[in-house]
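[1] Predicted coordinates and the sequence they were generated for:
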Amino acid sequence: MEGIIGKVVVGKAIEESAKPAVDEVKKALGFGEILKRVKSILKLMRPIVDSIKQSSSGELDRRKEENEKLIQLFEEGETLIRKHSMSHYLVSNWIYRGKITAFYDSLRLFYKYHIPLKQSKDIMEILALLEPQSKSGNGGASGSGSGSGSGRIGSLGSEGKGQSGGCSAPDPPKFMVGLDMMIKLKKLVVEGDATVVVVTASGGCGKTAIVLKLCQDSDVKGKFKDNIFYITVSKVPNIKLMARKLFEHNHWSVPEFETDEDAINELKKLLENQAQKAPFLLVLDDVWGGPDSVESEFPLHKFVEFKIPKCRILVTSRYGFPKIGITYELGSLDAKQAKELLLHSALLTDEDKDLDDDVVDKIVKKCSRFPLALKVVGGLLRGLPVDIWKSQLLEWSEGHSILDSEEDLLDCLQSSLASMKAKLKDCFMDLGSFPDDKKIQIIALIDMWAQLYKLDDNGVHAISNLHKLSLHNLLNLVVTRRDPMDQDESWYDDNAFVLQHDILRDLAIRQSSQESMKERKRLFLDLTGNKLPDWWSQQNQPFIIKARLLSISTDEMFCSSSWCNIEAPEVEVLIINFQTKEKHYTLPEFMKQMVKLKVLVVTNYGFSIPELSNFLVLGSLPSLKRIMLERVSIPTICNTTVALKNLEKMTLVMCKINKAFFYSAIKIPEMLPNLREIHLDSCNDLLGFPEWLCDLGQLRKLSISNCHKPSALPEGIGRLKNLQLLRLHACTKLLELREAIVSLQELRFLDVSGCSRLKKLPEQMGNLCNLRKLYIRRCSRLTELPPSSMDLNKQLKIICDPEMARHWEDHYDVTHSRNETTLTWL
C-alpha cells in the first residue's frame, strides 16, 4: 500500500498518459461510455478504500488528506451510481448526466496529480480507464486562436455539443419555458454595473438552464466574445482545480498552486490578461455555502475583489449571498408556462383530443408550478391514458404528495438541506407544523424556537434563521410594510409573516418522519373530518409519543368534541391549526397530561371566529410560558378558576377579547402573576384598555397594534414600574397619552406611530430618564415635543416622517424614514 498512498510525485510517464484535456475526453466519450468507465473504476477502487480504512500505519497517517479525498470520491461515486440506477429511466440521464460526467473529471484530476510514480496494477487499470480513446491532440482548442469572435461556449463537468474547451458551457435544454425571466437578467449582465450577479432559487427551479440559455444569447456573445467561461463549483469546491481548468482552457502554462489563495491570485492575473482582449463573463454554477453551512464557504468575496472593468461574474446558487453584488431571484412560472412544460414533458399538446384541461390544470396546481416537479410528473405520466392521469390526481387529492411519485425529485429537494447546520435544519422541519401557503406568524416561530432551542426571547436568532432559510429559498419571508428603521420590533404585528410552498412543507414532513411514529421528536397530524389514524383511534390504551413538538391540523368537518386520547408527556410545543363551521372549538382534554408544555399556538384558518371551549384545560399546564391565539373568541376566563402561574407571554391576533378583558369575577393579575409580555394585534372589539393591566407588576412589554377603538390609556398606567416597551401602533382613536406614563422609569421604547389623532405628548416627558427610542411616524397632528424632552436630547433617538423631521433635527437625534406598504406578496 505504500505505493498507493505515498508522497505525491508525478512521474513523466504518468503525467504524459494523463495529460489530454477534459474536452478531449468528452469528445471521445459519450455519456454511456463514461458511465461504464466510472462503474469499472469504482470497482477497482473498492479494495484500495477498504485497505485504507483498515490500516493504521504511519505512512497512511502522514497522507491523511489524500486518503480522505480518495474515500470521499469513492463514496460520492457510489452514491451517484446508486441513485442513477434506482431512478426512473425517463429522467435518470437528464438528472445525472452532468453530475456523473463532473465526477469522472474529478477522478481524472485526482489520479493525475495525487498518485505516486510507483503504481500498483489496480492504479494502472484505473489510469487506463481515465484516458480518452481518441488521440486527436489539441485540435479542438487550436481553432480558438483565429479570433473569429464565434462566442465559443461549453462546460467544465458537463457534456455539450460543439465544445472547444474545458471551461465552455454546455448547450441549454432544447425546450424551455419562462424565457421572459432572462430579459432582466440579461440587462444586469450586459448593461449593469455590478461585478457579481447571483441568480438564486430552490433546487430544480431552472437556474442553470436560464444561465446556459443566456450564454447562447447573441448580445451576450457579442459583448464577451470568446471570454465566456463556465465552471461548475458544486458542494465541495476545488479552487485549485477550477483555476487549473481556466489556465488550460486559455492555453496558458499552469502555475503551481500551494494554496487556494495562490490559485485565486493567479486566476486574477489570467482574467486581467483576458480582459485586455474583451470583457469576460465568468459563470460559477451551483455555488453552495453561506454562513449557516457546515461546509467551507466558497470564497465568492475574493472574486468580487477582482474589480476588473466591464467584466461580470454570474453565480447560480440556492443561497442568496445578500452582501455580494446583485441578487436576481428567479421567479415562478405562470400557469400557462407551467402547463406548457408539463405537456411537453408528457409529449402532449393543447390540441390532444383526449386531453382534459381541468385535469391538467389541477396537476399543474398540485405541482405548485415547480419546474422539476412538472418535468418529473410529466415524464411519469407520459404515454399513459387520461384515466391514469385522473387516478393519479385523485391519489394526490387524497393527501398523497407528488414527492411520492418520484424519488429523484425528493433527492433534489433534500440536497438543499444536506449542507445545513443541524439547528437551522431543525427550524426548517418545524415549519411543517403549519399549513402550506398560509400565513405563519413570525412571533409564533420566535416563541417555539426560544423554548425548543434556547434561542433568545427577543427573537434575534429566530429572525436570523428565517432570513437564512429565505436565502436558501426554503420559505418566503414577506414584509408588507417596509421600514428599515423598525426592524427590531416590526416582527410583532402583521407587518411580516412567512409563507411556505406545499412541496417544501411535504419535504419538511418527510425529513421529520424518518423514525417510527412513537419515536419522532416532532409529529405532524393532518386530520380530515373525524377520520383519525388507525394507530390513534384503535388503541385499547392511550397512544404514547415522545415528540417535543406536536402539530395537529383539522378541517372544518372535524368535530372538536370527539378527540381521542393521546399521551404526550414530552411535548413542549403544541400547534393546533383548525377550521370549523361551528360556534365553538374545543381544546383537547389530553392536553392536561402535557406537564412539560411550554408553548401553545392555536390558529383558526376558517372564515368565522368561534369561541375557544374547554379553556379550563390550560390551568392544568404547570410549565406553560407562552400562548398565541389567532382568530378565536376568548371566553370569559376571568369567571373561571384558570390560573396560569408561569405564563410569561400572551399574544392575541385578530381575536375577540372584549368580554374576557372586561367582565371579570376575579382579578386577572392573580391569575397571571408572572406575565411579562402582552401583544395584541387587530383585536377590533377591544373598546378600551382594562384597568387591571396596570396591576401586572412583572410586565416588561405591552404592544397593542391596529386596535382602533380605545381612545385613552388606563389611569393607572404609571403603576407598571417594570415596563420597558410601550407600543401603541396604529391605534387611530387614541387622543392622548396620560401624564402618568412619566412614572415609567424603566421605559426604553415608546411607539405611537399611526396614532393619527394624537396631538401632544406628556408635559413631563423629560422624566423618562431611560427612554432611548421614540417612534412618531404618521402622527400628522403631533407638531411639537414638550420642552422637558430636551433633557433627553443626548440619548433620545426620534424616528419620524421626513416632513416632520425639520421641526426637531436641530435639537435631537432625528432619523426620518418613509414607511412604505407593499402588496406585491399578493
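    Noted; the coordinates are in hand.
[2] okay, CA-based contacts and neighbour counts for the rest of this
    Fine.
[3] Following the chain onward from the helix or strand in which residue 242 is found, which element is next?
    In this structure, residue 242 sits in helix 239-249 according to DSSP states H and E. Note on helix 239-249: by DSSP H and E, the next helix or strand toward the C-terminus is helix 260-275.
[4] buried ones in that next one?
    Burial within helix 260-275, assessed by neighbour count using 16 or more other CA atoms under 10 Å, is assigned to 262, 263, 264, 266, 267, 268, 270, 271, 272, 275.
[5] Generate CSV for these, with distance to residue 285 and pLDDT as supplementary columns.
    Below are the buried residues of helix 260-275 laid out as CSV (distance: CA to CA, whole Å; pLDDT from 0 to 100):
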residue, distance to residue 285, pLDDT
262, 22, 90
263, 18, 89
264, 17, 91
266, 21, 91
267, 17, 91
268, 18, 91
270, 20, 91
271, 18, 91
272, 21, 90
275, 21, 89
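[6] Next, count neighbours for the nearest residue to residue 696 once chain neighbours are set aside.
    Of all residues not flanking residue 696 in the chain, residue 669 sits nearest, at 5.5 Å (CA to CA, 6 or more residues apart in numbering). Look at residue 669: counted by other CA atoms under 10 Å, it has 18 neighbours.
[7] so residue 669 is in which element?
    helix 668-671.
[8] Tell me the helix or strand right after that helix.
    According to DSSP H and E, the helix or strand after helix 668-671 is strand 677-681.
[9] on that earlier part again, what's the spacing between the residue nearest to residue 696 and residue 683?
    Distance from residue 669 to residue 683, counting by CA to CA, to the nearest Å: 21 Å.
[10] now swap in residue 774 and tell me
    Here the criterion is CA to CA. By it, residue 774 lies 24 Å from residue 683.
[11] Give me the more crowded residue out of those two.
    Between residue 774 and residue 683, counted using other CA under 10 Å, the more crowded position is residue 683 (22 against 19).
[12] That one: what secondary structure?
    coil (DSSP: H, G, I helix; E, B strand; the rest coil).
[13] For the closest residue to it other than its chain neighbours, which residues are in contact?
    Once flanking residues are discounted, residue 683 sits nearest to residue 654: 4.7 Å by CA to CA, 6+ apart. By CA atoms under 8 Å, 6 or more residues apart in numbering, residue 654 lies in contact with 630, 631, 632, 681, 682, 683, 684.
[14] Just the closest of those residues to residue 800, please.
    Using CA to CA, residue 681 comes nearest to residue 800 of these, at 21.9 Å.
[15] Quick check: that closest one touching residue 705?
    Yes: Residue 681 is within contact range of residue 705, at 4.8 Å (criterion: CA atoms under 8 Å).
[16] and those two? which has more neighbours close in?
    In this view residue 681 and residue 705 are compared by other CA under 10 Å, and residue 705 has more residues nearby, 26 against 22.
[17] Let me know the pLDDT of that one.
    For residue 705, the model assigns a pLDDT of 92.
[18] Quick check: bridge partners of it?
    Counting by DSSP bridges, residue 705 is bridged to residue 681, residue 729.
[19] Which residues are in contact with it?
    493, 680, 681, 682, 727, 728, 729, 730, 731.
[20] Out of these, which one has the weakest pLDDT?
    Ranked by pLDDT, those bottom out at residue 493, which has 50.
[21] Please report phi then psi for the closest residue to residue 560 other than its chain neighbours.
    Leaving out its chain neighbours, the residue that sits closest to residue 560 by CA to CA, 6+ apart is residue 586, at 5.2 Å. Backbone torsions of residue 586, given as degrees, to the nearest 10, read phi -100, psi 130.
[22] for residue 586, what are its contacts?
    Taking CA under 8 Å, 6+ apart, one finds 560, 561, 612, 613, 614 in contact with residue 586.
[23] now, the most widely separated pair of the residues you listed?
    Largest pairwise distance in the contacts of residue 586, by CA to CA, is 11.7 Å, between 561 and 612.
[24] Give me the more crowded residue out of those two.
    Neighbours per residue, other CA under 10 Å: of residue 561 and residue 612, the larger number sits with residue 612, 18 against 14.
[25] How about the more buried one: what's its closest non-neighbour residue?
    Closest to residue 612 by CA to CA, 6+ apart is residue 585, at 5.1 Å.
[26] Mind checking what secondary structure the one you found has?
    Residue 585 ends up strand, using three-state DSSP.
[27] residues in contact with it?
    Neighbours of residue 585 in contact, by CA under 8 Å, 6+ apart: 560, 561, 610, 611, 612, 613.
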